[in-house]
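Asker: structure here, sequence nowhere to be found:
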């Protein structure tokens, strides 16, 4: 069982930056690929970024490439999402998720989810 807790969301002006964190419980964190998803009001939840267990291989949605960076610190059981050049359309609840069988952009394949953290970008 893995419990995930996101933090770092908030209200920020367009062009600003945030770093989201997702801390995992348990001693098996390093064996899970981690994904970041977001859900904007009235829209389905979508994949934005992910990172494999090695901490090197990453994947990003086209809409966030060059602005979002996923990283992880396995010693701290934590995955991060650095978000730069924020846009109003980035406003959403951001979720982290863990998958035992490798990185995927498909949310249904993830085993565990956090409760989400709100990011609001003002114009």
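Answerer: Thanks, I have it. The model shown is predicted, which means the values in this text are computed figures rather than measured ones. Numbers count the residues shown, from 1 in each chain.

Asker: which residues does the most centrally placed residue in the chain form a beta bridge with?
Answerer: By Cα atoms, centre = their mean, the chain has its centre lying nearest to residue 36, at 2.6 Å. Beta-bridge partners recorded for residue 36 (DSSP bridges): residue 49, residue 96.

Asker: list the residues that contact it.
Answerer: Contacts for residue 36 were tallied using Cβ atoms under 8 Å, 6 or more residues apart in numbering; they are 20, 22, 47-50, 68, 70, 79, 81, 94-97. C-betas here are computed from N, CA, C, even on glycine.

Asker: how about 10 Å then?
Answerer: Each residue near residue 36 by Cβ atoms under 10 Å, 6 or more residues apart in numbering is listed here: 6, 20, 22, 47-51, 60-61, 64, 68, 70, 79-81, 83, 94-97, 114.

Asker: which stretches of the protein form helices?
Answerer: Assigned by DSSP state H, the chain shows no helices.

Asker: just the strands in it please.
Answerer: Read by DSSP state E, the chain holds these strands, from start to end of the chain: 4-7, 10-13, 18-24, 33-39, 46-51, 58-60, 68-73, 78-83, 92-99, 112-113, 117-122.
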